[in-house]
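*Asks:* coords please:
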Amino acid sequence: MIDIFMLVIVIVLSIIIIAVNIYLLAYFCTTDDNDFKGAIVLKITAVLGMFIGLGQVCLLPLDVSNTRGSGGEFRMDLIWQITYLVIAVFVFVIIPLEIAIYECDPDWTCGQKFTNSFCFFFCEVLVVGLLFFITFLIFNTVHIPVTSTKCTIKSLDEMFSSSSEIEDDTIFTKANCTTLEDTELEFTVNFQVYAIALLSFISYLLFMLFGGVGIFSFPLDLIYSFCTRPIKIKPGKLEEMKKEIVVTAADLKDLGMQLKKLEELGHHKKNMFSKEKRHYNDLLKQLKVGVSVIEDQYEIVNFQELANQTSALGYLMQLIAGIFCMILSVIWIVQIVLYILIKIDGKPLNTFLNVPLVYLSDNNLSFLSIIIFVVFAFYLLIITVKGNFKFGLRLMCLGQIHPMKKDNTYMNSILFNVLLVMLTSVSVIQFSIRAFGEYTSMTDADIIFNTQIKYLTFYSFFFGYNIFEYGMLLFALISFVYLICRPNDTNTVKKILFKKFENDKKINEESKYGKIEMKNLE
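*Replies:* Below you'll find the model as predicted:
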């Protein structure tokens, strides 16, 4: 029988997620694309992608309810497989193809755009397809450890006849049972399950890095925004700041002109491994960082001009949000350590968050357990996106930067972040199953991840020894120490964009920001 209350919750959450996605798209989309008639296909893809990525988090409480007999007997195993198949198609096919088409030279004809994009698409599909099929043929075997116990029927009969109440954990102790040697149950998984395993492995690598960086950088940045809120300064100092922005803008314009010359020479069309193409990409990334920095500086100047008129409530809300998010981060760290990493006789040291979730779920308060779970799971997705931007901005050479800014985010950046959310949502589900093991026990998702994928050849090493969890804590510790010492991105970005700072004390006395010298790009 279908639980009407659970069905209503799922429908309401779906409507809320779709509405929030549309609002976020309108909020961040650049004014060049804010007309929903423009790039409509890309915008539909972004909304659907975010809905699938975020909505997947809501499937796990439904799976829990379904397992405990109140969810309507849905085929959750089939729903999970379909969901991950759709995610794989979006992540490896649809979104990369749309980004490639969007980033084509606007002066190209439609034929040139599709030809160039489909060449990229064909190469990507070929590489991804070979990766999936070759690794499937090699690592498709599951080795589940099994402990066999032999008991005589006579002893069991005597035990049950002698006592009317027998606890489950003492049944084999009181019976005449003999524990045989440990063995392994070996079987092969189908391609759908293996595809989920590989998708989860790739997702976990990103989640380990970006989640580890974002788990403290997100709350610290909110708190730092409050600490660096604009204060009243002298008009002369404000004029100096404006002049610095003008000088920097002129330097960035020169950099843009040099990029234009390289484009005229055809360097942007060269092979991706050629020296010319690498040089062009390097300058392009520097320009992106420079634009990001100067936009932030421009906003700071605007904040300073409106300092006397700006309400302090907004910054106070950032402080409160930062403290709340820091509490969530600390709770997650404690849950990882106590429940996943520290084991005594194979059992977690402390169940921690599992206690309230299981209690609420077993006492007709499942809606509260769903709210708690969704808050913690969504927070993981938020810190992952934050960690991507934070890490990418500081180590620009490792990838492109796709910051999300109000009314100033192009569709390729939006789609990239949608791709990141969809991909990391897979590991968020698996991570949540591991972190909330008692709450999610015996669900179809638990069977897929903790019974099949966890013991797959090759993957069992990473999941069995908690490599990703240890790696996440390591990145969290490193980022926390680094951000405490260097909380502001500006200094690091300038090191990338510019050759050096002017260190002359006299100049520093005239302007605390100092003069900057453009990197020699000849």
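
*Asks:* isn't Ser203 right next to Met422, touching?
*Replies:* No. Taking contacts as CB atoms under 8 Å, Ser203 lies outside contact range of Met422: 9.1 Å. C-beta: built from backbone N, CA, C; applies to glycine.

*Asks:* Could I get the pLDDT score of Ile429?
*Replies:* Looking at Ile429, its pLDDT reads 91.

*Asks:* Around Val146, count how many other residues there are.
*Replies:* Counted with other CB atoms under 10 Å, the neighbours of Val146 add up to 11.

*Asks:* partner residues bridging it?
*Replies:* Per DSSP bridges, the residues bridged to Val146 are Thr183.

*Asks:* looking at it, it is touching Thr451, isn't it?
*Replies:* No. If you go by CB under 8 Å, Val146 and Thr451 don't touch, sitting 11.6 Å apart.

*Asks:* shared neighbours, those two?
*Replies:* Shared contacts of Val146 and Thr451, defined by CB atoms under 8 Å, 6 or more residues apart in numbering, are absent.

*Asks:* Residue ranges of each domain in this structure, please.
*Replies:* The chain resolves into domains spanning 4-140+194-212+312-486, 143-188, 230-301+488-522 when parsed by automatic domain parsing.

*Asks:* what's the most buried one of the ones you listed?
*Replies:* Of all those, domain 4-140+194-212+312-486 has the most neighbours on average by mean count of other CB atoms under 10 Å, namely a mean of 18.

*Asks:* what packs against the host helix or strand of Ala100?
*Replies:* Using DSSP states H and E, Ala100 sits within helix 95-102. Where contact means 3 or more CB pairs under 8 Å, 6 or more residues apart in numbering; DSSP states H and E, helix 95-102 is packed against helix 40-67, helix 110-138, helix 411-435.

*Asks:* Make a markdown table from those helices and add distance to Arg229 to it.
*Replies:* A markdown table is the format used below for these (distance: least, CB to CB, whole Å):
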| stretch | distance to Arg229 |
| --- | --- |
| helix 40-67 | 31 |
| helix 110-138 | 44 |
| helix 411-435 | 27 |
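
*Asks:* Poorly predicted segments of the stretch 51-200 of the chain, please.
*Replies:* For the stretch 51-200 of the chain, the stretches with pLDDT under 70 are 69-73, 148-182.

*Asks:* what's the nearest residue to Asn354 if we skip its chain neighbours?
*Replies:* Glu438 (4.0 Å; CB to CB, 6 or more residues apart in numbering).

*Asks:* For that neighbour, give me its contacts.
*Replies:* Here Glu438 is in contact with 351, 354, 357-358 (CB under 8 Å, 6+ apart).

*Asks:* go with 7 Å
*Replies:* If you count contacts by CB atoms under 7 Å, 6 or more residues apart in numbering, Glu438 has them with 351, 354, 358.

*Asks:* Am I right that the second one is in contact with Phe436?
*Replies:* In this case it means Asn354. Yes. The criterion here is CB atoms under 7 Å, and Asn354 meets it with Phe436 at 5.7 Å.

*Asks:* would you list every one of the helices in the stretch 351-500 of the chain?
*Replies:* Taking DSSP state H, counting those that start in this stretch to define them, one finds helices in the stretch 351-500 of the chain at 354-362, 366-394, 411-435, 444-446, 459-464, 467-485, 489-497.

*Asks:* Could you check which helix or strand contains Gln192?
*Replies:* helix 191-206.

*Asks:* could you say what helices and strands that helix packs with?
*Replies:* Contacts defined by 3 or more CB pairs under 7 Å, 6 or more residues apart in numbering; DSSP states H and E place helix 191-206 against helix 76-89, helix 110-138, helix 411-435.

*Asks:* thinking again about what came up before, contacts for the helix holding Ala100 next, please.
*Replies:* Taking CB under 7 Å, 6+ apart as the rule, helix 95-102 contacts 42, 45, 49, 113, 117, 120-121, 124, 411-412, 415-416, 418-419.

*Asks:* Dump the C-alpha coordinates for it into PDB.
*Replies:* C-alpha atoms of helix 95-102 as PDB (Å, rounded to 0.1, in the frame of the first residue of the first chain):
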ATOM      1  CA  ILE A  95      26.100  18.700 -21.100                       C
ATOM      2  CA  PRO A  96      29.600  18.500 -22.600                       C
ATOM      3  CA  LEU A  97      28.100  18.700 -26.100                       C
ATOM      4  CA  GLU A  98      26.000  21.700 -25.300                       C
ATOM      5  CA  ILE A  99      29.000  23.400 -23.600                       C
ATOM      6  CA  ALA A 100      31.100  22.700 -26.700                       C
ATOM      7  CA  ILE A 101      28.500  24.300 -29.000                       C
ATOM      8  CA  TYR A 102      28.000  27.300 -26.700                       C
END
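
*Asks:* quick one: Glu469 from Phe391, how far?
*Replies:* 19 Å (CB to CB, to the nearest Å).

*Asks:* And Lys406, by the same measure?
*Replies:* 22 Å.

*Asks:* do Lys253 as well
*Replies:* 29 Å.

*Asks:* Kindly report the same for Leu265.
*Replies:* Where Phe391 is concerned, Leu265 sits at a distance of 33 Å (CB to CB).

*Asks:* what does Leu338 give?
*Replies:* 27 Å.

*Asks:* Check Asp221 too.
*Replies:* 13 Å.

*Asks:* tell me the contacts of the closest residue to Ile196 other than its chain neighbours?
*Replies:* Distances taken as CB to CB, 6+ apart place Tyr84 nearest to Ile196, at 4.7 Å, with adjacent residues excluded. Neighbouring residues of Tyr84 by CB under 7 Å, 6+ apart: 196, 199, 426.

*Asks:* rerun at 10 Å
*Replies:* By CB atoms under 10 Å, 6 or more residues apart in numbering, the contact list for Tyr84 reads 52, 56, 192-193, 195-197, 199-200, 425-426, 429, 448.

*Asks:* Adding distance to Gly387, write those residues out as JSON lines.
*Replies:* Compiled in JSON lines, the contacts of Tyr84 are given as follows (distance: CB to CB, whole Å):
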{"residue": "Ile52", "distance to Gly387": "21"}
{"residue": "Gln56", "distance to Gly387": "19"}
{"residue": "Gln192", "distance to Gly387": "30"}
{"residue": "Val193", "distance to Gly387": "29"}
{"residue": "Ala195", "distance to Gly387": "26"}
{"residue": "Ile196", "distance to Gly387": "23"}
{"residue": "Ala197", "distance to Gly387": "24"}
{"residue": "Leu199", "distance to Gly387": "20"}
{"residue": "Ser200", "distance to Gly387": "18"}
{"residue": "Ser425", "distance to Gly387": "15"}
{"residue": "Val426", "distance to Gly387": "16"}
{"residue": "Ile429", "distance to Gly387": "18"}
{"residue": "Ile448", "distance to Gly387": "26"}
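
*Asks:* Keeping just the C-alphas, turn stretch 325-334 into CSV.
*Replies:* The C-alpha trace of stretch 325-334 is given here as CSV (Å, rounded to 0.1, in the frame of the first residue of the first chain):
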residue,chain,number,x,y,z
CYS,A,325,27.3,26.1,8.4
MET,A,326,30.4,25.7,10.5
ILE,A,327,28.3,23.7,13.0
LEU,A,328,27.1,21.5,10.1
SER,A,329,30.7,21.0,9.0
VAL,A,330,31.9,20.0,12.4
ILE,A,331,29.0,17.6,12.8
TRP,A,332,29.9,16.0,9.5
ILE,A,333,33.5,15.6,10.6
VAL,A,334,32.5,14.0,13.9
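
*Asks:* so what does the helix or strand where Glu240 lies touch, helix or strand wise?
*Replies:* Here Glu240 is covered by helix 235-264, with elements defined by DSSP H and E. Contact partners of helix 235-264 among helices and strands, from 3 or more CB pairs under 10 Å, 6 or more residues apart in numbering; DSSP states H and E: helix 275-305, helix 489-497, strand 516-518.
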